[in-house]
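Asker: how does the following fold in three dimensions:
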Amino acid sequence: MTDFAWSSAGAIAAAVDRGAAGAGEVIDQTLQRIAHRNPLLNAFTAVTADRARARAATKPRGPLAGVPFAVKNLIDIAGVPTLAGSKINRERPPANADATLIARLEAAGAILVGALNMGEFAYDFTGENSHDGPSRNPHDTTRMTGGSSGGSGSAVAGGLAPIALGSDTNRSIRVPASFCGIFGLKPTFGRLSRAGSFPFVASLDHLGTLARSTMDLALAYDAMTGPDPLDPACTDRLDPPIAPSVHRGSDGLRIARAGGYFRIGAGPEALTAVDNVARALGVSREVEIAEAARAREAAYVITTAEAGALHLHRLRRQARDFDPDVRDRLIAGAMVPAPWLVQAQKFRRWYRDRVLRLFDKVDAILASATPCIAPPIGQRTFVLEGQEMLLRPNIGIYHPADLVYRAAGRRRAGAARRRHADRRAGHRRSLARGRGIAHRLRSRGAWDRARSATAGIAARSNRTGCCSRRAGAASRPLCAKRQRRLRQRPTRAMGSVYCGTHRGVAPQRGLDPHRRIHGEPRIDR
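Answerer: The predicted model follows:
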């Protein structure tokens, strides 16, 4: 009997199609491996064994005939609660229908075997979950898988399934793929339907695939792509299959290596890996993505603000049921001033135009997905650019491309550009004197009103986290130290807002709400 543990999806489908193996045989082997290895890897939170056996008995046909797959547990599976990695969602009734991508994979012959572990509400880069425990890296079970699609990375790299679905907002597919040594695809926004998935940041969310080969990524993508009226962001465009073109390799492609920001913060292992790939592909050209660091800051503002707004009602009612790290960041997101979010979105439009210009000259850009190898489970900080930083929000620092799909802003030139440069310098001087927009908001009371909008959230948590450590926290939800920092450092946007806690925050360069770059859309005041 053939062991299909490490077979590719294409090889499994070919064996089932020609009758060399049955779908039932493949599924029985898969379920046995899950039962044997999952207690160690903790990749699965639910196994749909009965459903998988019943599906295999129908002798499915198609390009993925008999191929087992699993999905991140924020994707709806009929009859299974959609947890999204949370305790709160365990109270929800089971999903009454499969997500669109599950239905399309099964229409291609694939067989669902279960739901996978993930970081709570997808707000995580580590693969750790305070409710279900951490998913573990199959190459070294003391190390992280990366997140938030940690269970997906663990299941594929551990031989439990050849294909797994994950989600990617700010590298939640690409970080696990990097740490677990497999392939991950975050497709272009709108190419794969998100219908039937629990949201995180609607303007940045993507669903995608993890696999052990690029051909398997292509086969799964071809099965899932296409319009879907249930997802208004899904494109109406119909694409030809891409799997037949995978064997062409990189011949004829103009490939460059990302320099600047993408090399400054990377560790030696990450740099060596990129250099080895560049050497193998014969790549010598290097390009720099302008304002990449600022794009990361803008992505964090958008992420935390949208996520905080999405979960505000849950925070008010059930704050104690959140992972404390996730809760703190969501509270901070709910307090982000509107001008910061508006500026981040305007910068996003400008940045898209700048990045797309690079692709007039190149077809692909090589860059590291993570700045380091997989850290040990439980590690809280790491050294980045010579500074000790919180690990959880900073593993995925290389995601500036996540802003690119939005509409481009207009360009300005000549004297107008010079005036904008002069004005930008003036804003920096203003900030140095403590007169940034956050200072004015606070002085007018708007900052306090924004803060009071979520004032009761931390008080309703009986945990020992930030702003609830001292006696009498119910009447003083924001601790004295946090209040002092809000007063003293109103313009330090990114580090404080993203982490939402005074515990070990290493401040990052703030996003000046007034700052403009040549060609960036004008901000009306």
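
Asker: ranges for the strands of the stretch 201-350 of the chain?
Answerer: For the stretch 201-350 of the chain, strands defined by DSSP state E, counting those that start in this stretch occupy the ranges 206-211, 255-258, 286-287.

Asker: same deal with the chain?
Answerer: Using DSSP state E, the strands of the chain run over 44-47, 68-72, 111-116, 136-137, 140-144, 163-168, 183-185, 206-211, 255-258, 286-287, 364-366, 381-384, 387-390.

Asker: the helix ranked longest in the chain - what's its average pLDDT?
Answerer: Longest helix in the chain, counting residues (DSSP state H): helix 292-318. When pLDDT is averaged along helix 292-318, the result is 95.

Asker: and it, what's buried?
Answerer: Using 16 or more other CB atoms under 10 Å as the test for burial, helix 292-318 gives 292, 294-308, 310-312, 314-315, 318. Yep, even glycine has a C-beta here, placed from its N, CA and C like the rest.

Asker: dump the strands of the stretch 201-350 of the chain to a markdown table, plus mean pLDDT.
Answerer: Formatted as a markdown table, the strands of the stretch 201-350 of the chain follow (pLDDT from 0 to 100):
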| stretch | mean pLDDT |
| --- | --- |
| strand 206-211 | 98 |
| strand 255-258 | 96 |
| strand 286-287 | 96 |
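
Asker: and the nearest residue to Arg174 once chain neighbours are set aside, what is it in contact with?
Answerer: Excluding its sequence neighbours, the residue lying closest to Arg174 (CB to CB, 6 or more residues apart in numbering) is Ala369, at 4.5 Å. By CB atoms under 8 Å, 6 or more residues apart in numbering, Ala369 lies in contact with 171, 174-175, 177-178, 184, 398.

Asker: most packed of the strands of the chain?
Answerer: Of all those, strand 68-72 carries the top mean neighbour count, a mean of 31, counting by mean count of other CB atoms under 10 Å.

Asker: report the inter-axis angle for it versus strand 163-168.
Answerer: Here strand 68-72 points in a direction 20 degrees away from that of strand 163-168 (axes from the mean of the first three to the mean of the last three CA atoms, to 10 degrees).

Asker: for the record, mean pLDDT for strand 68-72?
Answerer: Strand 68-72 carries an average pLDDT of 98.

Asker: tell me the angle that strand makes with strand 111-116.
Answerer: Going by the same axes, to 10 degrees, strand 68-72 is angled at 30 degrees with respect to strand 111-116.

Asker: start the count at 58, not 1, going forward
Answerer: Taking 58 as the first residue, the last one we looked at is strand 125-129.

Asker: pull the distance from strand 125-129 to the chain's centre.
Answerer: Centroid separation for strand 125-129 versus its chain: 18 Å, with CA atoms, centre = their mean, to the nearest Å.

Asker: can you tell me the strand partners of that strand and which way each runs?
Answerer: Strand 125-129 pairs in its sheet with strand 168-173 (parallel), strand 220-225 (parallel), by DSSP bridges.

Asker: where does Val73 land on pLDDT?
Answerer: 97.

Asker: ok, which of the strands paired with strand 125-129 comes nearest Pro120?
Answerer: Closest approach to Pro120 among the strands paired with strand 125-129 (CB to CB): strand 220-225, 12.0 Å.

Asker: quick one, the closest one and strand 263-268 angle?
Answerer: Between strand 220-225 and strand 263-268, the angle comes out at 140 degrees (the same axes, to 10 degrees).

Asker: pretty sure Ala78 is touching Ser64, no?
Answerer: No: using CB atoms under 8 Å, Ala78 makes no contact with Ser64, being 9.5 Å away.

Asker: picking that back up, elements contacting the longest helix of the chain?
Answerer: Judged by 3 or more CB pairs under 8 Å, 6 or more residues apart in numbering; DSSP states H and E, helix 349-375 is in contact with helix 318-321, helix 381-391, helix 395-415, helix 512-516, helix 550-556.

Asker: which positions in the first one come out as buried?
Answerer: By neighbour count on 16+ other CB under 10 Å, the buried set for helix 318-321 is 318-320.

Asker: put the alpha carbons of stretch 257-276 into PDB.
Answerer: Only the C-alpha atoms of stretch 257-276 are listed here, as PDB (Å, rounded to 0.1, in the frame of the first residue of the first chain):
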ATOM      1  CA  PHE A 257     -10.600  40.800  10.600                       C
ATOM      2  CA  VAL A 258      -9.800  43.900   8.500                       C
ATOM      3  CA  ALA A 259     -12.200  44.000   5.500                       C
ATOM      4  CA  SER A 260     -10.100  46.300   3.400                       C
ATOM      5  CA  LEU A 261      -7.000  44.100   3.700                       C
ATOM      6  CA  ASP A 262      -8.300  40.500   4.300                       C
ATOM      7  CA  HIS A 263      -7.400  37.800   1.800                       C
ATOM      8  CA  LEU A 264      -7.900  34.000   1.800                       C
ATOM      9  CA  GLY A 265      -5.200  31.800   0.300                       C
ATOM     10  CA  THR A 266      -3.400  28.500   0.300                       C
ATOM     11  CA  LEU A 267      -0.400  26.800   2.000                       C
ATOM     12  CA  ALA A 268       1.200  23.800   0.300                       C
ATOM     13  CA  ARG A 269       4.400  21.900  -0.100                       C
ATOM     14  CA  SER A 270       4.900  22.700  -3.800                       C
ATOM     15  CA  THR A 271       4.100  25.600  -6.200                       C
ATOM     16  CA  MET A 272       2.100  23.200  -8.400                       C
ATOM     17  CA  ASP A 273      -0.200  22.400  -5.500                       C
ATOM     18  CA  LEU A 274      -0.700  26.100  -4.900                       C
ATOM     19  CA  ALA A 275      -1.600  26.500  -8.600                       C
ATOM     20  CA  LEU A 276      -4.000  23.500  -8.600                       C
END
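
Asker: buried residues, that stretch. List them.
Answerer: Under the neighbour-count criterion of 16+ other CB under 10 Å, stretch 257-276 has 257-258, 261-270, 272-276 buried.

Asker: what's the nearest residue to Gly435 if we skip its chain neighbours?
Answerer: In space, Gly435 is closest to Glu185, 7.7 Å off (CB to CB, 6+ apart).

Asker: likewise for Asp85?
Answerer: Distances taken as CB to CB, 6+ apart put Arg110 closest to Asp85, at 7.8 Å, once the chain neighbours are dropped.

Asker: what about that neighbour, distance to Gly81?
Answerer: Arg110 sits 7 Å away from Gly81, going by CB to CB, to the nearest Å.

Asker: do the same with Asp420
Answerer: Asp420 sits 43 Å away from Gly81, going by CB to CB.

Asker: same check on Asp308?
Answerer: From Asp308 to Gly81 the distance is 41 Å (CB to CB).

Asker: tell me the pLDDT of Gly493.
Answerer: 37.

Asker: again with Thr59
Answerer: Predicted confidence (pLDDT) for Thr59: 89.

Asker: quick check: chain neighbours aside, which residue is closest to Gly283?
Answerer: Once flanking residues are discounted, Gly283 sits nearest to Leu295: 6.5 Å by CB to CB, 6+ apart.

Asker: my guess is that neighbour contacts Arg248. True?
Answerer: No: applying CB under 8 Å, one finds Leu295 not in contact with Arg248, separated by 10.9 Å.

Asker: mind listing what the nearest residue to Pro125 once chain neighbours are set aside touches?
Answerer: Leaving aside its sequence neighbours, Pro125 sits nearest to Thr87 (CB to CB, 6+ apart; 4.3 Å). Thr87 makes contact with 61, 109, 125, 170, 217-218, according to CB under 8 Å, 6+ apart.

Asker: mean confidence score for stretch 101-114?
Answerer: Taken as a whole, stretch 101-114 has an average pLDDT of 98.
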